[in-house]
Structure formats: C-alpha cells, structure tokens
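Engineer: 3D model of this:
(chains A, B, C and D)
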Number of protein chains: 4
Amino acid sequence: MTNSSVSKIRIGILGASGYTGGELLRLLACHDGMEVAMLTAERRAGLPLAQVFPHLTALNAPDLIKIGEVDYAGLDAVFCCLPHGTTQEVIAGLPGHLKIVDLSADFRLGDPDVYAEWYGHAHQALELQKEAIYGLTELKRAEIAAARLVANPGCYPTGPQLALTPLLAAKQISPEDIIIDAKSGVSGAGREPKQNTLYAEVGEGVHAYGVAKHRHAPEIEQGLSEAAGAPITVNFTPHLMPMNRGILASIYVRLADGVSVADLRASLEQNYGREPFVHVVAEGVSPATRDVRGSNHCLIGLFADRLPGRAILLTAIDNLVKGASGQALQNMNLMCGLAETTGLEQAPLFP
Amino acid sequence: MTNSSVSKIRIGILGASGYTGGELLRLLACHDGMEVAMLTAERRAGLPLAQVFPHLTALNAPDLIKIGEVDYAGLDAVFCCLPHGTTQEVIAGLPGHLKIVDLSADFRLGDPDVYAEWYGHAHQALELQKEAIYGLTELKRAEIAAARLVANPGCYPTGPQLALTPLLAAKQISPEDIIIDAKSGVSGAGREPKQNTLYAEVGEGVHAYGVAKHRHAPEIEQGLSEAAGAPITVNFTPHLMPMNRGILASIYVRLADGVSVADLRASLEQNYGREPFVHVVAEGVSPATRDVRGSNHCLIGLFADRLPGRAILLTAIDNLVKGASGQALQNMNLMCGLAETTGLEQAPLFP
Amino acid sequence: MTNSSVSKIRIGILGASGYTGGELLRLLACHDGMEVAMLTAERRAGLPLAQVFPHLTALNAPDLIKIGEVDYAGLDAVFCCLPHGTTQEVIAGLPGHLKIVDLSADFRLGDPDVYAEWYGHAHQALELQKEAIYGLTELKRAEIAAARLVANPGCYPTGPQLALTPLLAAKQISPEDIIIDAKSGVSGAGREPKQNTLYAEVGEGVHAYGVAKHRHAPEIEQGLSEAAGAPITVNFTPHLMPMNRGILASIYVRLADGVSVADLRASLEQNYGREPFVHVVAEGVSPATRDVRGSNHCLIGLFADRLPGRAILLTAIDNLVKGASGQALQNMNLMCGLAETTGLEQAPLFP
Amino acid sequence: MTNSSVSKIRIGILGASGYTGGELLRLLACHDGMEVAMLTAERRAGLPLAQVFPHLTALNAPDLIKIGEVDYAGLDAVFCCLPHGTTQEVIAGLPGHLKIVDLSADFRLGDPDVYAEWYGHAHQALELQKEAIYGLTELKRAEIAAARLVANPGCYPTGPQLALTPLLAAKQISPEDIIIDAKSGVSGAGREPKQNTLYAEVGEGVHAYGVAKHRHAPEIEQGLSEAAGAPITVNFTPHLMPMNRGILASIYVRLADGVSVADLRASLEQNYGREPFVHVVAEGVSPATRDVRGSNHCLIGLFADRLPGRAILLTAIDNLVKGASGQALQNMNLMCGLAETTGLEQAPLFP
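Structural biologist: Numbers count the residues shown, from 1 in each chain, chains lettered A, B, ... in the order given. The predicted structure follows:
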C-alpha cells in the first residue's frame, strides 16, 4: 500500500451507480490522499459517470465498467457497494492486497446462524465473515486500523449503537426494554425502482415498515449484546419519512438503579468529548437531521423522561454519510493510515 | 335550536382564518344540515374569505368580521377556533342558547390544578371547565350528545387515546410504561408565522420537540387515567415532520400477564368494529397517514414486539380532520341530533 | 342504459390499480348515481382493492380481476385507465352498449398521421379514433353528451386549452408564439416504478423534461388549431416538481393588435362565468395548485406583461382530478344524463 | 490587507443569522485563507452561533454581537447580509480599509432613478452606488478584482444573465421578447417568519408571485441592456416551489436571423468552456437543481424550440450558493487576490 506524500491511494468502487456509490464519489472529490481509479456498474457499464450522476459531471471520473473487466492490480483499496448476497461472492474473489470496506449487510453479522436466520440462506464466505471487522469507527478504531476487510455498519444501527454502547457497558441502563423508534429519509431504500419508494407514495405521509422484522434489528442487538456482555433483544421500529436524507432515532430506555440522566450525559461526554464526528448536544437541545445533512456528524441528545426512572436518547445522522459512505471513508482512512477526518470536514448543509 | 327538515342549523366560526377554521369550512361545504352564517377573524376582519383562503372562493361564505360585531341571536351553534387562553373569556361570554365545540385546549383538562400547572395561570372560567365534555367522540358519545359545551381533543391525544383506552379499561396492558412516539405534519403548529415552521426550517428534516414537556401529555394522561381507574403517566414525544398533514403515533406497551397481542386485537375490534371512522387494520398492515389524508378516519395497527411481553400499536389520523375539525363536526352533529357522519363521508385523498 | 331514480349506473374500471383508477374510486365513493361493479388490474388480479389502495379500504369495492374475466353484460359504462397502446385494442373489443371514457392518450389525436408520428406506429383502431370525442368538457359539452366513446384530455393540455381556446377563437391573441411553461406533480408520471420518479430523485429539486418533444404538445396544438381555425405550433415545456399533485401552467402570449388584457379577461369571464369548475380569479391574484388540490376546479389568472403587447395567463388544476379522473367523471355524468357536477362537489384540500 | 501565507484574511459578517449568513459560514469553514472574526445579528446579539444555527455548532465561531459593538480595526473584509434599505446606511459608515461584498439589493442598480422607482425612495448613498461593482463574477472579473465594494447579484438574476449576456452581446438572439420563467426554493425568501413561507402554505403546491413586478426584473434588464448595448425589457415570472434550495430558470428566446441553436451553443461554450463554475451541459440534457445543490455551479442547457426560430435556455443554480453566498465568496476571493475557487470546491449534494 502506497501512502507517501507523492502518490495517492488508488480507489475502486464496486457498484458505483447507487446512492452510496455516488456519495463516496462526492466525498472523495475533496479527499487529497485518495484517487478514484475504477468504477463498476453492471447494467450501466460503458456509460460515463455523468449519465448516471449528472451532479458529478465535473469530477473527471473513469467510465463505468463491468466487474468482470476490473484490473485489480492497479488498485490499493475498494469500497464495495453491491447488493446484499452477491457481495460475499465478489469479495471472496478479490485479491489479497486490497483493503476493502463493504457497505452491504453481508459481513455485519458475526454469527453464521443469525445471518442464516435473517437472510434465509447460509453464508457463502464463512472465513471472510470471521475475518471482517464491524466498522463502527468510534467503537472499533484499533481493530479497524488493522483490518483488511471492514463491514460498514447499517444506516439505522449506527446512531443507536453510538448512543447506547457506552451506557450499556457502564451498566447505566437496563438491557431489557430498549425501544428504538427510527425515522429515515427515502434514500436509505436505494436507487432501484420500487413502487413503495416512488415520490407520490412517500410524499406527504409517514408510516412504519418492517415492524418487528427489520434486518437491522439483529445488527443492533449484536453490538449492544457485546457492550452489555449478555444477549440483548431490542424493539427496533423503522419509519419512512418524506425526505431524501437523514435518520433520527428516538430511543427510550430505563435507567439502572441509582443512575440519573446526568450520569448518562457524563458518560456520553466522557466517551465522545474528543470525537470529531460524535457530539453530545447541550441540555434541552433536540438533535435534528437538518443539522447533520451532508456531514459525517452524529448528534446525540438526552432528556429525562416524565416516566420516572426512564430517559430518552435522540440520535441524528445523515444516513448516506455517517450511516454509509462517510463512515466507510472514515474507516478506509484509518485502514490506510490517513487522518480519520480526511475528506469528511464539510460542514452540514442547512437549509 | 331548529333542526327541522327545512331549516339548516346556523353555524358561526370564531377564529375562522386559521387552519382548523378553514378545514371546518371545507367540511361544512358538503354538509346538508348546516349553514355557515358567521365568520370572525380579528386581524382579517372586513376581508372576504377568499382573501384568507383562496381555495374556498367558491363557497359563497360570509365576510370575516370582528368578534365584537357578532349577532349571536342568528346562530344556533359555534365552533370556537381561538387561541388558547383568550378562548375561555370569549366562551364565558357566549349566550346560553348556543351549542359550542371548542377546538382550543382551554377546556380539555378537567382538573384546574393540572391546567394551572401546564398553562402557567389559573383557569378563568372554572364553572365552564366543569361543564365541558371532553369530545373524543367514540368514547364519550352519550355525554357529547347531551352537552352544550364540548372540548374538542387535541390532535396528538386523539389516536393514542382511541387505541389505548379499551386496552387499559380491560386491564390488558400495563399502565406503567406506555411510550408514545408521535410524528406530526406542520399544520398542527397553526398558521401564525414562526421561524420554526417556515418551509426551509422543516423541509428535508425531522426532529423531536417539546420532549417531556408538551402540553398534550397531561391531556393524554387524563384520558388514560380515567380508563385505567388510576393515575397514569406516559412518555409522549412529538416529532415535527416535513409534511402538511397527518399524525402517526407509534405506541409501545407492555402486555398484562397472560394477555396476547391477539387479545388486544380482539378487544380493539370489539370496541371499534362498527365504528364508521375508527378502523383496526388487518394483521401485518402498518397504518399510514397518507391513507387517511383529508378524512375523519383513524387507523389502528397492532404488532407483536420482538421484546417478549410487549406490543406495538400504531395510529394514523389527519391532524386537521379527526385530530381537529372533523372530530369537531362529528361532535356537533351529535349535539345537534344529526347523523354523526354527516359532512364527513369523503374518502381519503391519495396520493 | 338504466338511469332511473332507483337503479344506479353500473361502472367498471379497466386498469384500476394506478393513480387515475384510485382517484376515480375516491370520487365515485361520493357519487349517488353510480355504483362500482367491476375493477380490473392484470398483475394484481385476485387481490382485494385494499391491498392496492389501503386508503380505499372502507369502500367495499369488488376485488380486482383480470380483464379477460370481465362480464360486460352487467355493466353500463367503463372508465378505461389502461396504458397507451394496449388501450386501443381493448376498447375495440368492448360491446357496443357500453359508454366509455378513455383516460389514455390513444384516442385524443384525431389525425392518424399525427398519432403515428408521435407514437411511432399506426393506430390500430382507426374507426374508433374517428368516433371518439375529445373530452374537454367545457368546450365540447354537447358532443360529449351524445358520445359513446370519449377521449379524456391529457393532464397538461387541460388548463392551457381552457385558457387559450376562447382567446384564439376571438382572435384576441397571436397564434404564433404561444409559450406554455408547465409544472407538474409527480403523480402525473403514473404508479409504475421508474428510477426518475423515486422520491430521492425528485425531492428537493426541479427540472424540465421532454423539452420540445413531449406528446402532450400535439394534443394542445390540435385543440388550439381548431380554435384558431388554422394550424398552430406551440412551445410546451413541462417541468417535474417535488409534489404529489397539481399542474400550474404559465402561458406567455402576444396580444392581437388593439386588444388589451382587460379584453382577454372579459372574454374569459364571458366564457366561464357560469361554469361550475372553471374560474377566472380576481385581478392581481395568482392561481396556486394548493387551491385546487383534490378538486375538479381549474383556476385561470391573467396579468399584463411588462413586455408591451404581451400577457401572462396562469392555470392551476389538480392533475388527477380536472386533469384526469375528475374530468372523466364530469364527462361520464354528461354521457349518462346526470348533473355534470355529481360526485365532484368536494372543496379543495388546503393545506 | 494582509494576504501572506501566514496570516488569514479576517472576515466579518454583518447580519449573520439569516440563510445567506449561515451559508457563508458553511463555506468559510472549508476556506483556508479566511478566518471568521466577527458576526453580528441585532436581535440575536449575545447568543452563541450554535443557538441560531445548530448545524454550525462545530465551527467554533465568535458569538453574535450588535453591529454597534463591532471593532472594524480587527477586520480586513466584511460580507454584508443586512436587509435592503438599512444596508446603504451601514455600508456608508464603514471604514475605508474594508473590502465589502454586499448581498443586499442596495447597490445592484446603477441608475438612481431606477432604484427609486422600484424601491419607492431615493437612494441614501449615491456616491457608493456609483462606486459599487456588480458582482456577476464571470462577467466582471477584472472590475471585481479591483473593487472595494461589490454588489452581489440577486439569486434570480444570476442564471439568466450568465446564459443571455454572451448571446445578446453577439447579437445572436432578439432583445425583444425574452421570457424568463423562474422556479425557486423557499430559502430565497429569507428566514423572517412570514405566513406565505410557512411549510404548510408552500408544501405540495406551486404558484407564481410578483408577476410583472418583481424587483429582480430591473436588475436583469440592467445587465442585459448593457450586454445588448440598448435598453431591454424582459418578462420575468418567478414561482415558489416546495423545496429548500435551488432556482431553475426556463428562458424562451427568439433567434436572430440566420442564427441556429448550434451557434448559441458554440457561443456559450466559447465563453464558459474554461470556467470552473459555469457549465454548458451536453446536448439533450436538461439541467436540474438537484445537480447543483450546495455547490457554486451554474448549469446551462440549450434546446431548439418546436416554434421555428426560437430556442429554450435552462439555467440551474443553488440560490444560496451561486445565487448568493457562494458567488459572494467567489468575489471576495478575487478582491483579496486569492484563487477564485477557494472554499468553493465542494461537489453538489445529491440526493
């Protein structure tokens, strides 16, 4: 891996025509240590990037090619933005010199049985599944820095795990009835045409979906169980919102005996006080997705509940940045020995 | 009160220039038993309605006048859409022959101390406060029919009370940790210009507000306490959504010992199976606000939680219809001896 | 065709699972002279309507069937909401006793050569094409009333033709450089999943599309040419807007010599002064799509241009109502001898 | 003015609590040659920036102060984001060493009579009005670089002037009936609470406003007249759109005799082919505001009209960037001898 002051890290993006691929390209456009050398998109192969993403016309990026045409020798690292399922086959075939951040769900679940239960088939690359490091950067920094393959977290699991992990580790909240009510913008559903993500289906409305059966639930539970040192089940209820970007998670927890909301705040501030992207907002402030739009920030808010002995945590992220491509770049920076914030310094876009 | 087949009930609307006033006018336009005879709006007095609500130009409604100019002798009933606080003074001065449905918060809380605590001052019309009937139609039908003054429920409290009241009355859920995560369109905040409801502040974003201190919490608690026969405190966390209309409430409850989600469903279906406006949706269906837009319907959905012993209830209403003007008209129909559904038969508008 | 006071007209909807089908069902729910007896939807055949349109659950409508399964003997009339192209074959096979309003583009263009030029193939039902009456209700009332087959106008052509036809007929404007800049909500693109109508593609943006080649251009030109008594070419530039419903057309015209904007206004008011659905708004008022949402109204506004000798016309409709299903019902009412406004009296929904 | 490699240019923002102020701060956060040293906001004075713009919490910016408290000695340059009218008084009182980019309309119109006609009162700083350079960067680069006071263009006038100026200068289009139909996001109306920019007034709708009397018309005409060498009047019709950001201008022009659309394209490409921020998009491509969101780019598209001898130009910008703060920074870079693109390299944010 070259990382001198002269040569840039040569990046490939597998599956570059979806929203996470486009977002990576947007972020890499401001990254002075990486260079986009290769882009794939099966059905759009042969097209210039500008036809798939007109907003990136000015980027001077390579044309889209088929994955079978890739010459990996010229690459140092790849972001893998392929669909769940095909990802594991593709990654299993990649040469060993490549650093890989995978944005699919394929390597997030460490337990093959849990994977099989939620995805309906056995995992096809069990060895890689063992090797993969779960890429919630602030919680796994050292392992990520040393990893070859990082499984980038899902958009929904990112905020709640950041908020809850320190509290569970410190036994400040009960592991027993954690309720996560999450609200997401539509880009989280991807760029494949589906009736339920058409403008006219989503505009001017809100509804829950995947109630009690969304695949991000086991991912959240895996992280929280590890933090608590015991198996945790959570309520995770996602809602679809009429907006392009953003996830707000409203998290309802029970305090452990003798613990106050101020204790939770102290714990979160201690954990994240020096983090560049995770911010505990001031008392009384309610985090808003508009305040992280386009940025890699995660805001965490904290309130005492009117219900005695309970607290409310609120996390806001941009699902395409900290919830996907931003965190992926943050991880890749670490894996490549670069400053973690490189390419991620942009301030949020409001309004 | 005239209610013959010939003459229509003569309606006045106090405070007709806000969203609830406009919505009443929309609904009354299709009502064959009522006639809009008088409209007030202090700052817009003297204007034709079309200048305040161009969409109602075709209605041939009376011009807006000041409240001091109203001749109540020509009216049979009034809807009061005035701001909280001034309402109680105005209503205290109304002649006794008028049926009144008040859409403000002034008469919703039966306990003067609770009112004083949440509104920061003593109630100015205590006798009326005692007389007022809380107008959640499906739960108070007989009392409403006999009432002179009905306090129309708040937009947020309507759905959750409809869903939870039968379950608490039947002791099927625990009264102890009810969590209500509500998502509302912006029209619920009214038509007064405020920075936080400007398009550019709300578009493309979501956030919680009034966390642990919204004034609809005590209203919900009042109704649920009555149902449970004991004081109940709830978590009520409202969120502002980038849409004009609609409230989705996601309600997280604990089942009583030995009670199943099927039991809850049976209970709700038994209570609401014959209701024209409250519908328990089919198993596996998640209620969506788009499916009630512009209508007086309330949808209730029901799911088993992944957390053992817990359930998820979802309610969807249009905040301006079942959450305000529609329910107000439903109540007034009852008070005037008309069929409850008159003027409210319109199907929802989707997309 | 039965049309007594006892029996209702029995209606079938071919292709009921799209937005225009759903909108017809919404309107027919309030229609006391028609009864929905049959619904088809090829890919959704066998499903209850509630699974395709949850907002219509309360309607008690028949289940969806395949078009091959329809028993036309039990029907008096059909609305045809099938895709362009297949429509002409289906309608050619319908029994002669049926009144038909076709919402596709198949029978709108009277000239087979123009059809072939814009649709890329010869028309397959030339006799029917000759028979079909173009259903711009206010302009063709008598012919529609006598018709068996009505070609319902396109959404975009409706407003501009209503505004321009009287002015061209009176030779008050130049036929030579009419510019129509139209802005449409996304529902006009239909319910088929396509990438370019996904929420995240349309939200927070606007762009023109089909510039100088949209198929509604020849339809507009056909109507305007007939009005002017000579062939007219127009600029028609459609734009896609981040909203569900509504079309605003901003029309830039040159006044004929000696004609003033006041003359245009007088002409429009004379033509439409007694119309239930077409309204010339007051001087200085700019029509807004929010003011016709959900209604069959068309608003026409009129301004003097700063450019000497020119005027600006603005028309606002709901593309799914006056631009599709509402006008279709208006036409069917006429064809069945019912009051034209039946089922269409609902006031617009704002906000 | 210091501009060494060591010391940064010290920037003040007068009126920092509105949208253009916030946007300047977002852009300056990535600017390595400027430092924000002072922020004013009369009604918010004393507050930390984070309370006015939570999205900028991470910026470590100075607290807001009153304009009377500013010590100009410590500043090198100011952006003035004050309301129209008060601006001219404030700027007249600023010390001479300051470079000033004014984002208000106060110094855009060079002719005092035109100013008085459109603003209803005589200009209060006529000398400054003469001195001020109109800051359409690509058209006035040399004068801007030498200026002390730059009047930053209005949001609407930017795109149309960029598209039309070269064509008028080359006499390729007729100056006589230029029609500009513009569609803007709501942030262009500012952050002051007004009923007509509330979410529920704008959501799900579109309408024209200020028809034939918007104050950006004389600004456009001033620039185009200069380009044509003769007075030009234009049709300028702005429309309010349900989105936060972006302006699309659809411009309808008549070709000069013997000129083709290809000639226009050649002319635009020649003028802008090497510009970093102005891009003529490929043939057949329609510029979309989503493709410039958050960036300083202006896209120009070009189509032959179906009307013989006419063409359609389409321009897309982000109203808060190229239409306000981005162009302001571009100008200030020039005035300070910095690379024009500094702080403006961010790629657009889509979706």
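Engineer: for the record, mean pLDDT for stretch A:204-224?
Structural biologist: Averaged across stretch A:204-224, the pLDDT comes to 97.
Engineer: and if you look at stretch A:321-334?
Structural biologist: For stretch A:321-334, the per-residue pLDDT averages 98.
Engineer: Quick check: which ranges of chain A have low pLDDT?
Structural biologist: A:1-6 (pLDDT under 70).
Engineer: Could you point out the longest helix of it?
Structural biologist: Scanning chain A for the longest helix, with DSSP state H as the assignment, gives helix A:155-169.
Engineer: near chain C, anything from that one?
Structural biologist: No: if you take Cβ under 8 Å from any Cβ of the partner chain as the test, helix A:155-169 misses chain C, and the best it gets is 13.2 Å. (Glycine included, C-beta is placed from N, CA and C.)
Engineer: just checking, next helix/strand downstream of that helix?
Structural biologist: Tracing the chain C-terminally past helix A:155-169 and defining elements by DSSP states H and E, one meets strand A:179-184 next.
Engineer: wait, does the longest helix of chain A contact chain D?
Structural biologist: No: using Cβ under 8 Å from any Cβ, helix A:155-169 stays clear of chain D, coming no nearer than 13.8 Å.
Engineer: Send me that helix as PDB with only the CA atoms.
Structural biologist: Output in PDB follows, covering the C-alpha atoms of helix A:155-169 (Å, rounded to 0.1, in the frame of the first residue of the first chain):
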ATOM      1  CA  CYS A 155     -27.600   3.200   8.400                       C
ATOM      2  CA  TYR A 156     -30.100   2.500  11.200                       C
ATOM      3  CA  PRO A 157     -27.700   0.700  13.600                       C
ATOM      4  CA  THR A 158     -25.100   3.500  13.600                       C
ATOM      5  CA  GLY A 159     -26.800   6.200  15.800                       C
ATOM      6  CA  PRO A 160     -28.400   3.900  18.400                       C
ATOM      7  CA  GLN A 161     -25.200   1.900  18.900                       C
ATOM      8  CA  LEU A 162     -23.200   5.000  19.400                       C
ATOM      9  CA  ALA A 163     -25.600   6.300  22.000                       C
ATOM     10  CA  LEU A 164     -26.300   3.000  23.800                       C
ATOM     11  CA  THR A 165     -22.900   1.200  23.800                       C
ATOM     12  CA  PRO A 166     -21.200   3.300  26.500                       C
ATOM     13  CA  LEU A 167     -24.300   3.300  28.700                       C
ATOM     14  CA  LEU A 168     -24.700  -0.500  28.500                       C
ATOM     15  CA  ALA A 169     -21.000  -1.100  29.000                       C
END
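Engineer: which secondary structure elements does it contact?
Structural biologist: Contacts defined by 3 or more Cβ pairs under 8 Å, 6 or more residues apart in numbering or on different chains; DSSP states H and E place helix A:155-169 against strand A:179-184, helix A:216-228, strand A:235-240, strand A:247-254, helix A:261-272, strand A:298-304, strand A:310-317.
Engineer: nearest residue to residue A:112 other than its sequence neighbours?
Structural biologist: Sequence neighbours aside, residue A:123 is the residue nearest to residue A:112 in space, at 5.2 Å (criterion: Cβ to Cβ, 6 or more residues apart in numbering or on different chains).
Engineer: Any idea how many residues pack against the closest residue to residue A:17 other than its chain neighbours?
Structural biologist: Among residues not flanking residue A:17 along the chain, residue A:41 sits closest, at 3.8 Å (Cβ to Cβ, 6+ apart). By other Cβ atoms under 10 Å in any protein chain shown, 23 other residues sit near residue A:41.
Engineer: just residue A:220 next, same as before
Structural biologist: 27.
Engineer: Tell me what residue A:317 is bridged to.
Structural biologist: Taking DSSP bridges as the rule, residue A:317 bridges to residue A:247, residue A:298.
Engineer: wouldn't it be in contact with residue A:246 here?
Structural biologist: Yes: counting by Cβ atoms under 8 Å, residue A:317 touches residue A:246, with 7.4 Å between them.
Engineer: Which one's more surrounded, those two?
Structural biologist: residue A:317 (34 against 31).
Engineer: could you list every residue that touches that one?
Structural biologist: A:155, A:158-159, A:246-247, A:289, A:292, A:297-299, A:323 (Cβ atoms under 8 Å, 6 or more residues apart in numbering or on different chains).
Engineer: try residue A:147
Structural biologist: A:132-133, A:335.
Engineer: near chain C, which residues of the stretch 251-351 of chain A?
Structural biologist: Going by Cβ under 8 Å from any Cβ, none of the residues of the stretch 251-351 of chain A are near chain C.
Engineer: Enumerate the residues of the stretch 251-351 of chain A near chain D.
Structural biologist: So far as Cβ under 8 Å from any Cβ goes, the stretch 251-351 of chain A lies against chain D at A:279, A:281-282, A:285, A:288, A:290-295, A:297, A:320, A:345-351.
Engineer: What subset of those residues is buried?
Structural biologist: Neighbour-count burial (16 or more other Cβ atoms under 10 Å in any protein chain shown) is assigned, among those, to A:279, A:281, A:285, A:288, A:290-295, A:297, A:320, A:346-351.
Engineer: Take the contacts of residue A:147 and write them to JSON lines, including distance to chain B, secondary structure and neighbour count.
Structural biologist: JSON lines is the format used below for these (distance: Cβ to the nearest Cβ, whole Å; DSSP: H, G, I helix; E, B strand; the rest coil; neighbours: other Cβ atoms under 10 Å in any protein chain shown):
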{"residue": "A:132", "distance to chain B": "25", "secondary structure": "coil", "neighbour count": "23"}
{"residue": "A:133", "distance to chain B": "27", "secondary structure": "strand", "neighbour count": "21"}
{"residue": "A:335", "distance to chain B": "32", "secondary structure": "helix", "neighbour count": "23"}
